[in-house]
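Visitor: Turn this into a structure:
(one chain, ligands or ions: 1)
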Amino acid sequence: MKKSTDKPKKRIGGKTALVILVILLVYIAAVTLAALVIDGRHVRFYMTAPQEMNLECFEAYQEPGIYAVTTGKLFGEGKKHLHVDVSSDLDNTRLGEYTVKYTVRYLLQDYSTERRVQVVDTVAPVLELKYVEGYQASWFTGYEEEGYTATDNYDGDLTDKVESYEEENRKVYTVTDSSGNTTTMVREPLYIYTEPEITLYGDSELYVNASLSFEDPGYYAQDKMGNDMTGFVQVSGQVCPYRAGDYEITYYIESPTGDSVSAQRTVHVLPIRNPDTVTPDSKTIYLTFDDGPGPYTGRLLDVLAKYNAKATFFVTGANPKYYDQIGRAYNEGHAVGVHTYSHNYRSIYSSEEAFFQDFNAVQDLICDQTGSYTKICRFPGGSSNTVSNFNPGIMTSLAGALTDLGYQYFDWNVSSGDAGETTDTDTVAENIINGCAGRKASVVLQHDIKDYSVNAVEQVLIWGINNGYVFRALDASSPNAHHGINN
Ligand code: ZN
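Guide: Prediction:
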């Protein structure tokens, strides 16, 4: 007989277990959910850096610090850091305010917080000065910009925005970007030559006697670095050495850039004092002969010597052959004065310079023949001439100049008429005698290049001597018989 040990077992069926499990799970879930609801479970963010921050443009944004945990009333904070989603429209290439958004999804719900990020530019532009090899600016030439560039990390090329100015011996450059960041650079020393100083030789107040020439005592110019700048000095203002007066001379250096330095000198041209005119005590005749020497001068001197009479010769340079008569006249006690070298009115009255050039030529001729210069002269045509009217005022100017220079110019108060009115010796003599008669001091105009005039002299001498006249040579103090100036 077969013994069965198998007893029918009472077993819990699979379905039943599943149901129990589900019930259990639902129970747990319900309890958990209830606990969570009662707990008020939610997400809490912790920012470990300020919620508002600046970010330098172009720098990568790096999360400065945030984490999130769960928290509730009953169970407190969880330790576990939740996953935080970060989203942002932040563009670090554009300045502005951006928002970084942090989101945590927890229990089917989104939790979020924000951080404000200001993208800023605090980096100043980069300013680079260029240096041209071998270039050296001087004060005189001015500084010519060698160039520069300015770039900004945000604005880009700012070269056009660079501002610069010069001061002392340097140039300052500044550039500011759109965010207000400024860069300053200095170029120095700018100049190898600094501002020069002009130093005058001689006094800045100079007193000189009137003369036919003035030589400036000179000047030099040097800059602070010892460079000789004399060659750059310009002079304005002129001294008229033959006219008494005060003259300003300005010495200056002007740079093409418009800077200038200067020094001043005042030249006081002092008139040479002429001797006072002395009227002779006795009846005096001053025979004067213009336009010689010439072929008849020797004969004239013989006649004068015969009567021991003295006369005056206002000479020209027209006849070199007879220049020696000038020396003879002088040595025989006659006066020699300047008339004119060329006797060309058009030329000598064209300017003061032309007049004195002609005048000096005669002075040199006289000095050659007599050993000294003369102090007396006679204007061609006389001081009252109107042939000089083509140059208005020239006679006034020349008469003043001659006076300032210490010359005495003579006109005449007796005309012989030998200059065109007559060619008759007797008439010439008659004119002179009639002119001198009753006159205390006669200055007679004759021309020793006219033989008929020279021939009249002996008659005049005889008449004069017989009538108590003395024939004298002119000197600077003699009566000058001025006509008065018409131009
Ligand atoms: Zn003349």
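
Visitor: pretty sure residue 225 is touching residue 195, no?
Guide: No - between residue 225 and residue 195 there is no contact under C-beta atoms under 8 Å: 10.2 Å. The way it works is simple: take the backbone N, C-alpha and C, and place the C-beta from them, glycine included.

Visitor: So which of the two has more stuff around it?
Guide: residue 195 (17 against 14; other C-beta atoms under 10 Å).

Visitor: Around the ion, pick out the residues from the chain.
Guide: Within the chain, the residues that sit near the ion (C-beta under 5 Å from the ion) are 290-291, 380.

Visitor: again, only this time at 8 Å
Guide: Within the chain, the positions adjacent to the ion are 290-291, 314, 316, 339-340, 343, 378, 380-381, 419, 447 by C-beta under 8 Å from the ion.

Visitor: Can you say which of the residues you listed are buried?
Guide: 290-291, 314, 316, 339-340, 343, 378, 380-381, 447 (16 or more other C-beta atoms under 10 Å).

Visitor: ok, the spatially closest residue to residue 176 that is not a sequence neighbour - contacts?
Guide: Counting by C-beta to C-beta, 6 or more residues apart in numbering, residue 176 lies nearest to residue 182, which is 4.5 Å off, once chain neighbours are set aside. Taking C-beta atoms under 8 Å, 6 or more residues apart in numbering, we find residue 182 in contact with 124, 174-176.

Visitor: before we move on, what about residue 486?
Guide: Counted by C-beta under 8 Å, 6+ apart, residue 486 has contacts 384-386, 395.

Visitor: For stretch 469-487, buried residues please.
Guide: Result for stretch 469-487 [16+ other C-beta under 10 Å]: buried residues 469, 471-476, 478-482, 485, 487.

Visitor: a markdown table for the residues you listed, including pLDDT, secondary structure and distance to residue 426?
Guide: As requested, these are arranged in a markdown table below (pLDDT from 0 to 100; DSSP: H, G, I helix; E, B strand; the rest coil; distance: C-beta to C-beta, whole Å):
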| residue | pLDDT | secondary structure | distance to residue 426 |
| --- | --- | --- | --- |
| 469 | 97 | coil | 19 |
| 471 | 98 | strand | 20 |
| 472 | 97 | coil | 25 |
| 473 | 98 | coil | 26 |
| 474 | 98 | coil | 26 |
| 475 | 96 | coil | 31 |
| 476 | 94 | coil | 34 |
| 478 | 96 | coil | 28 |
| 479 | 96 | coil | 27 |
| 480 | 96 | coil | 29 |
| 481 | 96 | coil | 25 |
| 482 | 96 | coil | 30 |
| 485 | 97 | coil | 34 |
| 487 | 95 | coil | 35 |
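
Visitor: Now tell me which of the residues of the chain next to the ion the prediction trusts least.
Guide: Lowest in pLDDT among these is residue 419, which has 92.

Visitor: ok, now which ones touch that residue?
Guide: By C-beta under 8 Å, 6+ apart, the neighbours of residue 419 are 445, 447.

Visitor: So that it lines up with my notes, have the first residue be 57 from now on.
Guide: That works, and once the first residue is 57, the last one we named lands at residue 475.

Visitor: what does the model give residue 194 for pLDDT?
Guide: 80.

Visitor: Please name the nearest non-neighbouring residue to it.
Guide: residue 249 (3.7 Å).

Visitor: Enumerate every residue touching the closest residue to residue 258 other than its chain neighbours.
Guide: Spatial nearest neighbour of residue 258, excluding adjacent residues (C-beta to C-beta, 6+ apart): residue 273 at 3.0 Å. Applying C-beta under 8 Å, 6+ apart, we find residue 273 in contact with 256-258, 262.

Visitor: Counting neighbours, which bits of stretch 379-392 end up buried?
Guide: Neighbour-count burial for stretch 379-392 [16+ other C-beta under 10 Å]: 381-386, 390-392.

Visitor: mind listing the helices for the chain?
Guide: Secondary structure of the chain (DSSP state H): helices at 70-95, 353-362, 380-387, 401-404, 408-426, 450-460, 481-492, 507-510, 513-522.

Visitor: Of the contacts of residue 273, just the buried ones, ChimeraX syntax please.
Guide: For the buried members of those, the matching ChimeraX selection, counting by 16+ other C-beta under 10 Å, is:
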select :256,262
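
Visitor: List the ones among the contacts of residue 273 that fall in strands.
Guide: 256, 262 (DSSP state E).

Visitor: Take the contacts of residue 273 and write them to TSV, including pLDDT.
Guide: As requested, the contacts of residue 273 are exported to TSV (pLDDT from 0 to 100):
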residue	pLDDT
256	97
257	97
258	95
262	96
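
Visitor: Of all pairs in the contacts of residue 273, which one is the farthest apart?
Guide: 257 and 262 (10.4 Å; C-beta to C-beta).

Visitor: returning to that earlier point: in CSV: the contacts of residue 238, plus neighbour count and pLDDT.
Guide: Listed next are the contacts of residue 238 as CSV, based on neighbours: other C-beta atoms under 10 Å; pLDDT from 0 to 100:
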residue, neighbour count, pLDDT
180, 18, 96
230, 17, 98
231, 26, 98
232, 19, 97
